[in-house]
Structure formats: C-alpha cells, structure tokens
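S.K.: need a 3D model of the following:
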Amino acid sequence: MLDGLALRDNGVPIYVQLREQILAAIGRGALKPGAQLPTMRQVAVALKIDLNTVQRAYAALEREGVLETVRGRGSFVVQNLPSSSKTRRADARDFAARVAAQASTAGVDLNDLIEDLRKLAGRGA
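M.R.: Take a look at the predicted model:
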C-alpha cells in the first residue's frame with residue numbers, strides 16, 4: 001500500500017492527502033474490505049512525516065466509517081463500507097469539489113481531468 005503514496009507540497013494538508021490516497025486505494029480495489037493497513041508508525045517512517053499526521057488521517061477515516069482500529073492488532077478497512085446512496089452522492093460532490101480545487105492549484109485543466117475520469121470509469125476502475 002505504501003508504494004503508491006506520493007505526498008506533495010501543494011498547500012493541501014499532508015493528513016488530507018494521506019486520507020484521500022487511502023480512500024483512492026480503497027476505491028481502486030487496491031485495499032479491499034478487511035485489508036490491514038500498515039501501522040501508523042510504518043507509514044510515518046516510510047513517508048518521512050510526523051506520526052501525529054498519520055494518526056490524524058487514520059482517525060478521520062475511522063470517524064467516516066472507512067477504517068476500524070483494533071487495539072493491539074492494527075487498522076483495517078471495514079467489511080461493510082458506508083453505502084447509503086444519499087451519503088454516497090453527498091460524498092461524491094464533496095470529493096469532486098476537493099479534487100477540483102486541488103486540480104486548479106496544481107494547474108490541471110478540469111476538462112482533461114474529467115476526460116481521464118470517464119476513461120477510468122469506462123474500464124471499471
């Protein structure tokens with residue numbers, strides 16, 4: 001899981017980037033329900049970031065019902081991800097707004113991004 005993580009100095013807080021990349025890995029199927037995530041310490045060392053930053057990202061994902069932490073065992077992707085269609089739609093809108101803001105900050109054209117997302121959706125990603 002750590003191989004695909006790439007944090008950037010783009011004005012977006014590191015814990016938000018980490019949270020969103022974990023969500024993206026779940027969305028792509030790279031992290032499946034029940035999968036164990038690396039320990040917070042492993043992530044902090046691998047990415048050379050503060051442990052508190054990783055804890056903040058994991059805590060946010062736990063509050064959102066995406067991760068569960070089992071004391072002494074680790075953090076896992078929940079078996080039954082939140083699935084309310086109303087909640088999913090609101091989450092999609094919020095996520096789209098965040099991605100659009102990040103794309104704009106990074107100089108990425110939104111039409112190019114939309115085209116790439118449609119291509120990904122077309123191949124079942």
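S.K.: just the buried positions in the one helix or strand in the chain whose mean pLDDT sits lowest, please.
M.R.: Lowest on mean pLDDT, DSSP states H and E among the helices and strands of the chain sits helix 85-106, with a mean of 76. Applying a neighbour-count criterion of 16 or more other C-beta atoms under 10 Å, one finds Q102 buried in helix 85-106. To be clear about C-beta, it is placed using only N, CA and C from the backbone, and glycine gets the same treatment.
S.K.: quick one: contacts of it?
M.R.: Contacts with helix 85-106, where a contact means C-beta atoms under 8 Å, 6 or more residues apart in numbering, come from R8, N10, G11, V12, E20, P82, D109, L110, L113.
S.K.: and stretch 5-14, C-alpha only, in CSV?
M.R.: The C-alpha coordinates for stretch 5-14 follow below in CSV (Å, rounded to 0.1, in the frame of the first residue of the first chain):
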residue,chain,number,x,y,z
LEU,A,5,1.6,7.0,-1.9
ALA,A,6,3.0,10.3,-3.0
LEU,A,7,2.6,13.4,-0.9
ARG,A,8,3.1,16.8,-2.4
ASP,A,9,3.8,20.3,-1.2
ASN,A,10,0.8,21.8,-2.8
GLY,A,11,-0.9,23.6,0.0
VAL,A,12,-3.2,20.6,0.9
PRO,A,13,-2.5,19.4,4.4
ILE,A,14,-0.5,16.2,4.5
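S.K.: so what touches that stretch?
M.R.: Under the contact criterion C-beta under 8 Å, 6+ apart, stretch 5-14 has outside partners Q17, L18, Q21, V43, A46, L47, I49, T53, Q102, T105, A106.
S.K.: widest-spaced pair of these?
M.R.: Using C-beta to C-beta, the pair of the contacts of stretch 5-14 lying farthest apart is A46 and T105, separated by 25.0 Å.
S.K.: I appreciate the help and will end here.
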